[in-house]
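In: okay, predicted coordinates and the sequence, questions at the end:
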Amino acid sequence: TRVSHAIINNGTLSIINNGKIVTKTNSIDQYIILNNNILNIGYNGMGPTIEHTGCSSTYWRTICTYGTLNIYGGELITSLDSSITTNYYGRTVVSNGGNGTINIYGGKLRDLTGVNGMGIEIYDSGKTINMTCGEIISEGNGIRVYDNVGNSCSLDLNITGGSITANGNAILLYNTSDTVNVNVVSGSIISQNSVAIKSTGNTKIVIGSKDGQVNTNSPVIQSSSIGIEATNGIEFYDGIIKGKTNAIAKNSKATSEDGYGVYIYQDGEYEVAIPMVGWDISKTAGTDNVWAFLVADSTDSTKYNLVIRGTGEMKDYADYDSSEWKAYRSQITKLIIEEGVTSVGDRAFFGMPEITNIEFPSTMKTIGTFSFFDCTKVIGTINIPASVNSIGGNPFLRVPVTKYTVEAGNTKYKVLNNAIVTIDGKRAVSYPCGNTDTNIIVPDGVETIREYACASTKAVTIGLPNTLKSINFGGFAYNSSLPTFHHICL
């Protein structure tokens, strides 16, 4: 029982053999070992048990390192005296200064101090953690990188094996203003009651390696809630992500490259395996956070769902061949636009011949020009949410739906004579191409037929109102049953 550090190392200290160092403390910020240079613990998976027990409601650590810490074996434990019930903050390894490295080649790091405890905590810049084997087990967070009141806190965290299991976050990157690079190539990262990997700062997270194969060496990230939440983005190459609520948080952004992907599991029982490749499709960097990813159909791995997720606007596309998913168009059978997305970009889903649905979230505000042109298997009804306040040039051209509806409360659009028109009735926007009426009556009051608004219909005759003043380009294009006419007198 002590009030100061048991060992202060300023040289090279190796604690190799089996044995025990067990201490208790009532003092703030006391360690078993304060390492200022090189500390080696264990050998070839074997080694000592070093346990530090806190006996007061305060902070205590087993090892504080400012230099290089190499863990080859043994067990490092931070525990809690049974008399302590509140305000306990244990750390098994803490580093809050210097440019040292923590290398975990084996052994176990255990934090047994409850929800406020940490396996490893990093407070300062210039650190590197390499984990190739071994275990980190914590009743709180596994590894936390913490920018405390504006302190610089850069870090390289490389995990190529081993496991991190925590009751809280397995890896928490909190409020980091400097860059933190996290590379998870292999191993398992598990949170039992929180987000497995969570970042709220300037973080680059890379999952997997570019071998393009999901196998027994691929990383596994698993959580009973959310697998990964990272507002600054995630790069995926291979691995398995499991989340009971979401594999990837909806406020996160995930990207990859063609030819790579991960398997994500996203139902309550972790049963469905889904390959994924993702892209950033935000309209304005730093303002919008929208990304797209492909997930394989659970019944046919050769078919995909295209999911649009995030907050804000997605970007516009110049032509048919501009989208990131163009190579997958013939394999995408379902489109899912999630809550939070506020726009569909111009020509975003142009020429997707196999999708069978078009559904908008309640957050949708803008539907871009020709955004669903030639989605020829979409039938039935398209509903325009009350939130939509802008519709570009006929987004549903050559989409064979039979009916449009506009939700009550929309202040910009309504349906008249089957067509979407502006709320004042003066501009016709889109007539449903799959409607079987052969006699189309443009409503009284319409002054402008917008571009391609009445194109590709089944019309044999069209009735035009006396109020009509202009027909924009392609207003009646692709009407193969309509007799040819050369002049309209308005």
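Out: In hand now; what should we look at?
In: poorly predicted segments of the stretch 151-300 of the chain, please.
Out: Counting by pLDDT under 70, the stretch 151-300 of the chain shows low-confidence ranges at 151-153, 175-178, 211-216, 257-277, 296, 298.
In: reduced to three states, what does the closest residue in space to residue 74 that isn't next to it in sequence come out as?
Out: Sequence neighbours aside, residue 47 is the residue nearest to residue 74 in space, at 2.6 Å (criterion: C-beta to C-beta, 6 or more residues apart in numbering). All C-beta atoms are positioned from the backbone trio N, CA, C, and that covers glycine. Residue 47 falls in the strand class when you classify it by DSSP: H, G, I helix; E, B strand; the rest coil.
In: same question, residue 398
Out: Assigned by three-state DSSP, the conformation of residue 398 is coil.
In: surely it and residue 373 touch.
Out: Yes. Using C-beta atoms under 8 Å as the test, residue 398 is close enough to residue 373 to be in contact (6.2 Å).
In: before we move on, the earlier item: ok, now how distant is the residue nearest to residue 74 from residue 230?
Out: 34 Å (C-beta to C-beta, to the nearest Å).
In: count of residues packed around residue 85?
Out: By the criterion of other C-beta atoms under 10 Å, residue 85 has 9 neighbours.
In: cool, and residue 66?
Out: Residue 66, neighbours per other C-beta under 10 Å, totals 17.
In: gap between it and residue 35?
Out: Using C-beta to C-beta, residue 66 is found at 7 Å from residue 35.
In: do residue 430 as well
Out: Distance of residue 430 to residue 35, given as C-beta to C-beta: 70 Å.
In: show me which of the two is the more surrounded one.
Out: Each of residue 430 and residue 35 has its neighbours counted (other C-beta under 10 Å); residue 430 has more, 28 against 24.
In: so what's the more buried one bridging to?
Out: residue 420 (DSSP bridges).
In: these two touch, right, it and residue 392?
Out: No. Checked against C-beta under 8 Å, the pair residue 430 and residue 392 is beyond contact range at 10.2 Å.
In: so what's the nearest residue to residue 287 once chain neighbours are set aside bridging to?
Out: In space, and not counting its chain neighbours, residue 287 is closest to residue 312: 6.3 Å by C-beta to C-beta, 6+ apart. Taking DSSP bridges as the rule, residue 312 bridges to residue 341.
In: just checking, residue 312 touches residue 288?
Out: Yes. If you go by C-beta under 8 Å, residue 312 and residue 288 touch, sitting 3.1 Å apart.
In: overlap in contacts of the two?
Out: residue 282 (C-beta atoms under 8 Å, 6 or more residues apart in numbering).
In: between those two, which is the more surrounded one?
Out: Set side by side, residue 312 and residue 288 show more neighbours around residue 288, with 21 against 16, by other C-beta under 10 Å.
In: in contact with the more buried one, which residues?
Out: By C-beta under 8 Å, 6+ apart, the contact list for residue 288 reads 282, 310-314.
In: angles on the backbone of the residue most central in space within the chain, please.
Out: Centrality entry for the chain: nearest residue to the mean C-alpha point is residue 252, 3.4 Å, by C-alpha atoms, centre = their mean. Main-chain torsions, residue 252, degrees, to the nearest 10: phi -100, psi 170.
In: do you know how far it is from residue 236?
Out: Taking C-beta to C-beta, one finds residue 252 at 11 Å from residue 236.
In: follow-up on the earlier one: quick one: which of residue 398 and residue 373 has more around it?
Out: More crowded of residue 398 and residue 373, by other C-beta under 10 Å: residue 373, with 24 against 19.
In: residue 144 contacts residue 174, doesn't it?
Out: Yes. At 6.3 Å, residue 144 counts as touching residue 174 under the criterion of C-beta under 8 Å.
In: that's a helix at residue 327, yeah?
Out: Yes. Using three-state DSSP, the secondary structure at residue 327 is a helix.
In: could you give the number of residues near it?
Out: Neighbour tally, residue 327, other C-beta under 10 Å: 10.
In: so what pLDDT did it get?
Out: As predicted, residue 327 sits at a pLDDT of 86.
In: from here on, call the first residue 239.
Out: From this message on, residue numbering opens at 239, which makes the last subject residue 565.
In: name the spans of the stretch 539-688 of the chain whose pLDDT lies under the cut-off.
Out: 539.
In: if you set the cut-off to 90 instead, what comes out?
Out: Residues of the stretch 539-688 of the chain that meet the criterion pLDDT under 90 lie in 539-543, 545, 547-549, 558-559, 562, 565-566.
In: and if you look at the stretch 239-388 of the chain?
Out: 239-244, 254-270, 281-283, 290-299, 304, 317-329, 332-338, 351-354, 360-365, 383-388.
In: quick one, helices of it?
Out: With DSSP state H, counting those that start in this stretch, there are no helices along the stretch 239-388 of the chain.
In: partner strands of the helix or strand harbouring residue 394, parallel or antiparallel?
Out: Assigned by DSSP states H and E, residue 394 belongs to strand 393-404. Strand 393-404 pairs in its sheet with strand 365-369 (parallel), strand 373-376 (parallel), strand 418-429 (parallel), by DSSP bridges.
In: need the per-residue pLDDT for residue 691.
Out: 94.
In: also the one 10 residues further on?
Out: According to the predicted model, the pLDDT of residue 701 comes to 91.
In: residue 676 is in contact with that one, correct?
Out: No. The pair residue 701 / residue 676 is not scored as a contact, 11.8 Å apart, by C-beta under 8 Å.
In: ok so, going back, what about the residue nearest to residue 312, how many residues nearby?
Out: Neighbour tally, residue 285, other C-beta under 10 Å: 24.
In: dump stretch 608-624 to CSV, restricted to CA.
Out: Coordinates of each C-alpha in stretch 608-624 appear next as CSV, following Å, rounded to 0.1, in the frame of the first residue of the first chain:
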residue,chain,number,x,y,z
PHE,A,608,-34.2,13.4,-65.2
SER,A,609,-33.2,11.8,-61.9
PHE,A,610,-35.1,8.6,-62.6
PHE,A,611,-35.1,8.7,-66.5
ASP,A,612,-35.6,5.2,-68.0
CYS,A,613,-36.2,3.3,-64.8
THR,A,614,-38.5,1.1,-66.8
LYS,A,615,-39.5,-1.4,-64.2
VAL,A,616,-41.0,1.0,-61.7
ILE,A,617,-44.8,0.7,-61.8
GLY,A,618,-47.7,1.7,-59.5
THR,A,619,-47.7,5.0,-57.7
ILE,A,620,-45.1,7.6,-56.8
ASN,A,621,-45.8,9.7,-53.8
ILE,A,622,-44.4,13.2,-53.5
PRO,A,623,-43.8,14.1,-49.8
ALA,A,624,-45.1,17.3,-48.2
